[in-house]
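Participant: sequence first, then the predicted structure:
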Amino acid sequence: MSDTAVDPKFEGKAGFITGGGTGIGLACARAIVDGGGKVTLAGRREEVVRDAAAGLGERAGWAVCDVTSDESVEAAVAKAAEFGGGALSLAVNAAGVGVAGSLLASSSAEFSSTLDTNLTGVFRALRAEAKVMKASGGGSIVNISSIAGALTHRWMSAYCASKAGVNMLTRTAADELGQYGIRVNAVMPGLVETDMAEMLTSNDLAVQEYLRLMPVSRLGKPVDIGGVVGFLLSDDASWVTGQCLGVDGGHTIRKGPDLVPMLSQVLPEE
């Protein structure tokens, strides 16, 4: 259980988080619990989401969920709504994969697989969440995008395309769902210290490249993202929708990192 004092901004509300067992997703879940809400953590690995939920206490539940499967997503969202007493008003779509490789060396199957998780997976979850929220009277959805959705990253074409797609999906969904009282926003993290980003955060060459491009020059922490997501989920952001917000130390006002010097040590050009 988090030892942060409860701020009741999410009292009586229930949330659902894909990729909720670790990193950014777990930080978002903690923000909901610390706000007095209930949350269901969803992920592919049962042990991970089960243990993470236990660590958050009685207001957290869990569901096994593979975002590449319509049936799996719909079942997990239904379980989250049941845990919330039949309603769902908060959702964070954080499940994703990080991939790298030159365009010339990448296969179309690898490209499609990345989009299926990072973009179509967000669509699957958002669609299921919005159906329940419409019936519940509204809600707030936050998609976890990336600075790679706005800035080019050489040798990361599939990842960049997937996150750019998340940004446009966020905007179009906000436009369409606002009539039902559903807000949809996205955050675009920079380099954050998570398990998924370990290949970058553990490499000094990559870290220095990111740091030189940030006005606030430090690596992000999951709580940096969780705090902003908590705001966007809350009624404090009741007039905010369709926005893709960089949470990145200012990285997006400059340019994307050049990771080729690091990646070329371990990956072929073609």
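Facilitator: Thanks, I have it.

Participant: what's the helix or strand harbouring Arg127 in contact with?
Facilitator: Assigned by DSSP states H and E, Arg127 falls within helix 121-136. Contacts of helix 121-136 with the rest of the structure, by Cβ atoms under 8 Å, 6 or more residues apart in numbering, involve 16, 18, 67-70, 73-74, 77-78, 81, 86-89, 91, 93, 95-96, 139, 141, 143, 166, 169, 173, 177, 180-182, 184. In short, each C-beta sits where N, CA and C put it, glycine included.

Participant: give me the buried entries from those residues.
Facilitator: Buried by 16 or more other Cβ atoms under 10 Å: 16, 18, 67, 73-74, 77, 81, 87-89, 91, 93, 95-96, 139, 141, 143, 166, 169, 173, 177, 182, 184, out of those.

Participant: buried stuff in stretch 246-263?
Facilitator: Across stretch 246-263, burial judged by 16+ other Cβ under 10 Å covers Gly246, Val247, Asp248, Gly249, His251, Thr252, Gly256, Pro257, Leu259, Val260, Met262, Leu263.

Participant: that stretch - what's its average pLDDT?
Facilitator: Mean pLDDT, taken over the full extent of stretch 246-263, equals 96.

Participant: ends of that stretch, how far apart?
Facilitator: Across its full length, stretch 246-263 reaches 24 Å end to end, with Cα to Cα, to the nearest Å as the criterion.

Participant: before we move on, what about stretch 217-227?
Facilitator: End-to-end distance of stretch 217-227 (Cα to Cα): 19 Å.

Participant: what comes into contact with it?
Facilitator: Residues from elsewhere that reach stretch 217-227 (Cβ under 8 Å, 6+ apart): 23-24, 26-28, 30-31, 144, 187, 189-194, 201, 207, 210-211, 247-249.

Participant: and that stretch, how far from the chain's centre?
Facilitator: Mean-position distance between stretch 217-227 and its chain equals 13 Å (Cα atoms, centre = their mean, to the nearest Å).

Participant: now stretch 104-124
Facilitator: Going by Cα atoms, centre = their mean, where stretch 104-124 is centred and where its chain is centred differ by 16 Å.

Participant: state the mean pLDDT of that stretch.
Facilitator: Regarding stretch 104-124, the rounded mean pLDDT is 97.

Participant: any buried residues in that stretch, and which?
Facilitator: Buried residues in stretch 104-124, counting neighbours by 16+ other Cβ under 10 Å, are found at Ser106, Phe111, Thr114, Leu115, Thr117, Asn118, Leu119, Thr120, Gly121, Val122, Phe123, Arg124.

Participant: how about stretch 143-163?
Facilitator: So for stretch 143-163, counting by 16+ other Cβ under 10 Å, buried means 143-151, 153, 155-163.

Participant: dump the C-alpha coordinates for that stretch into CSV.
Facilitator: What follows is stretch 143-163 as a C-alpha-only set of coordinates in CSV (Å, rounded to 0.1, in the frame of the first residue of the first chain):
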residue,chain,number,x,y,z
ASN,A,143,-3.0,7.0,-23.5
ILE,A,144,0.7,6.7,-22.9
SER,A,145,2.5,7.8,-26.0
SER,A,146,6.1,9.0,-26.3
ILE,A,147,8.2,11.9,-27.5
ALA,A,148,8.9,9.4,-30.4
GLY,A,149,5.4,10.2,-31.6
ALA,A,150,6.4,13.8,-32.2
LEU,A,151,10.2,13.6,-32.9
THR,A,152,12.0,11.4,-35.3
HIS,A,153,14.3,8.7,-33.8
ARG,A,154,16.6,7.1,-36.4
TRP,A,155,16.4,3.3,-36.3
MET,A,156,13.1,3.4,-34.5
SER,A,157,10.7,3.8,-37.4
ALA,A,158,8.1,1.3,-36.2
TYR,A,159,8.0,2.7,-32.7
CYS,A,160,7.8,6.3,-33.9
ALA,A,161,5.0,5.4,-36.3
SER,A,162,3.1,3.5,-33.6
LYS,A,163,3.3,6.4,-31.1
